[in-house]
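Enquirer: Generate coordinates for the sequence data below:
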Amino acid sequence: MAFDLSLVVIVGVLTVIFTILVKLFGFPDQVRKNYINKSTKGVSTTLMIILWTSYLLWTIYGFLRNDIVLIIGHGLGVATTGMILLQIIHYRKNK
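Expert: Here you go, the predicted structure:
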């Protein structure tokens with residue numbers, strides 16, 4: 001059986017890899033930074049709301065399509081951006 005290394009496959013694999021990197025390293029790093037500083041100064045609330053909504057809609061779409069890749073990938077985005085939104089609410093409320 002030959003493995004097809006077409007441009008579509010390569011771009012698809014790279015997309016998955018970098019999406020996972022953002023959600024497993026990028027956002028958690030921001031969460032950790034916010035926690036250490038006890039502040040979300042410099043974090044865009046608007047961007048986080050848009051990202052969270054986008055990830056939520058993609059996750060719902062994944063459930064409707066029964067697509068486990070969409071569910072897991074974007075579900076991680078819902079969780080990580082959700083944590084940042086909770087930090088925004090918590091830290092800005094405590095000022």
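Enquirer: list the helices and strands the strand or helix carrying T15 packs on?
Expert: Under the criterion of DSSP states H and E, T15 resides in helix 7-21. Judged by 3 or more Cβ pairs under 8 Å, 6 or more residues apart in numbering; DSSP states H and E, helix 7-21 is in contact with helix 68-93. C-betas here are computed from N, CA, C, even on glycine.
Enquirer: For the helix it packs on, buried residues please.
Expert: 70-71, 73-78, 80-85, 87-88, 91 (16 or more other Cβ atoms under 10 Å).
Enquirer: likewise stretch 24-40?
Expert: Residues of stretch 24-40 classed as buried: F27, P28, Q30, V31, N34, S39, T40 (neighbour count, 16+ other Cβ under 10 Å).
Enquirer: just curious, which of those is nearest to V8?
Expert: F27 (27.4 Å; Cβ to Cβ).
Enquirer: The closest one contacts G82, doesn't it?
Expert: No: with contact defined as Cβ atoms under 8 Å, F27 and G82 do not form a contacting pair (9.7 Å).
Enquirer: Contacts for the worst-scoring helix or strand of the chain on mean pLDDT, please.
Expert: For the chain, the helix or strand with the lowest mean confidence is helix 7-21, at a mean of 83 (criterion: mean pLDDT, DSSP states H and E). The contact list for helix 7-21 (Cβ atoms under 8 Å, 6 or more residues apart in numbering) reads V69, G73, L76.
Enquirer: which is the next helix or strand following it?
Expert: Using DSSP H and E, the helix or strand that directly follows helix 7-21 along the chain is helix 27-37.
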